[in-house]
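J.: sequence first, then the predicted structure, then my questions.
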Amino acid sequence: MTRILFMGRKKVSAGLLEFLSAQSGIEIVGVLTDSHLQGSPTTAVAKRLGLPLYTFDTALEAMREGRLKYDLGLSVLYWRKLRDEFLTVPARGTINFHPAILPEYKGTGGYNLAIMDGLSEWGISAHYIDDSIDTGDLIEVVRFAMDPDTATAQSLERESMQVLDGFAKRLIMQAVESEAKLPTFPNIGGEYTSRAEMEAMKEVRPGDDVGRKIRAFWFPPYDGAYVEIDGQKYTLVDRRILEEVAPKDSTSLFAGSADA
């Protein structure tokens, strides 16, 4: 029996939690999710399944007091940097699923940078967590094709989550069946992008490829690529995106003319 501490928040994390709870040989001893939100899809699944819920701090306290013991940690789009007992308690480590290609794209803003950099493929990385961010030894990176000339951050995220779901199910079951950590390779190089740096990239400046920048930061309801006028920021949108978000029964004269 493999005891797992599961960490995650989004819809794909909730689906994985439900999948793992139904597998033999697995005991979910705790679920760590957002404490700064009223609820998340992962919280809802954990409550429905009767699984113990923790915040970052209550999990640390439980580990220090010996009340929370587990063999393997799983981080699926969990938002906080793990430290202290999170790194030392699980004998088989903690696996993080990072929605970007490692080692090249560490930190936040991967979807945005993939489009800005004109990449023709994107990927999901699995690595063991260490005492920094996205720097632990890599287990596997799966890649898939993308079109940098049509993708938006929103569409790339949607496709990435579909890939992550299947990849994570396969790799987690491999980790569960293994008596030790999975084979790894070095996670060396690449660049780390902070949230502040990503936000600064959104401003449209002279010489920018405006269409590409609009798509790279299109992820409503968050602010996208913008221009600033009299101290006010205005998010930009192009015709193609307008056509995509328009109601299907729209009587717009421009329907079907996204390239016009």
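T.: Yes, it's here. Numbers count the residues shown, from 1 in each chain.
J.: what about whichever strand or helix holds residue 44, distance to the chain center?
T.: In the assignment (DSSP states H and E), residue 44 maps to helix 41-49. Distance of helix 41-49 from the chain centroid (C-alpha atoms, centre = their mean, to the nearest Å) equals 19 Å.
J.: and stretch 211-221, by the same measure?
T.: 18 Å.
J.: one more: stretch 173-187?
T.: Using C-alpha atoms, centre = their mean, the distance between the centre of stretch 173-187 and that of its chain works out at 21 Å.
J.: wait, what's in contact with residue 213?
T.: Residue 213 makes contacts with 116, 202, 204, 225, as judged by C-beta atoms under 8 Å, 6 or more residues apart in numbering. Every C-beta, even on glycine, is put in place using the N, C-alpha and C of the backbone.
J.: recalculate using a threshold of 7 Å.
T.: 204, 225 (C-beta atoms under 7 Å, 6 or more residues apart in numbering).
J.: so it sits in a strand?
T.: No: counting by DSSP: H, G, I helix; E, B strand; the rest coil, residue 213 falls outside a strand, being helix.
J.: roughly how far apart are it and residue 160?
T.: As for residue 213, its distance to residue 160 is 20 Å (criterion: C-beta to C-beta, to the nearest Å).
J.: same check on residue 170?
T.: Taking C-beta to C-beta, one finds residue 170 at 16 Å from residue 160.
J.: how about residue 104?
T.: Residue 104 sits 15 Å away from residue 160, taking C-beta to C-beta as the criterion.
J.: neighbour-wise, which of the two wins?
T.: Using other C-beta atoms under 10 Å, the more surrounded residue of residue 104 and residue 160 is residue 160, with 22 against 17.
J.: name the SS class of the more buried one, please.
T.: helix.
J.: isn't it up against residue 99?
T.: Yes: shown here, residue 160 and residue 99 form a contact pair, counting by C-beta atoms under 7 Å, at 5.1 Å.
J.: give the residues shared as contacts by the two.
T.: Common neighbours of residue 160 and residue 99 (C-beta under 7 Å, 6+ apart) are residue 124.
J.: partners of residue 8 in the sheet?
T.: Beta-bridge partners recorded for residue 8 (DSSP bridges): residue 76.
J.: neighbours of it, how many?
T.: A total of 29 residues lie near residue 8 under the criterion other C-beta under 10 Å.
J.: pretty sure it contacts residue 76?
T.: Yes: between residue 8 and residue 76 there is a contact under C-beta under 7 Å: 3.8 Å.
J.: measure residue 117 to residue 8 for me?
T.: Taken as C-beta to C-beta, the span from residue 117 to residue 8 is 27 Å.
J.: any low-confidence regions in the stretch 151-260 of the chain?
T.: 250-260 (pLDDT under 70).
J.: run through the helices of it in chain order.
T.: 153-177, 195-201, 210-216, 239-245 (DSSP state H, counting those that start in this stretch).
J.: just these: most buried one?
T.: Neighbour counts averaged per stretch over the helices of the stretch 151-260 of the chain are highest for helix 210-216, at a mean of 21; criterion: mean count of other C-beta atoms under 10 Å.
J.: for that helix, list the C-alpha coordinates in PDB.
T.: The C-alpha trace of helix 210-216 is given here as PDB (Å, rounded to 0.1, in the frame of the first residue of the first chain):
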ATOM      1  CA  VAL A 210       0.800  42.800 -31.600                       C
ATOM      2  CA  GLY A 211      -1.200  39.900 -32.900                       C
ATOM      3  CA  ARG A 212       1.100  37.400 -31.400                       C
ATOM      4  CA  LYS A 213       1.200  39.200 -28.000                       C
ATOM      5  CA  ILE A 214      -2.600  39.400 -27.900                       C
ATOM      6  CA  ARG A 215      -2.900  35.600 -28.400                       C
ATOM      7  CA  ALA A 216       0.000  34.900 -26.000                       C
END
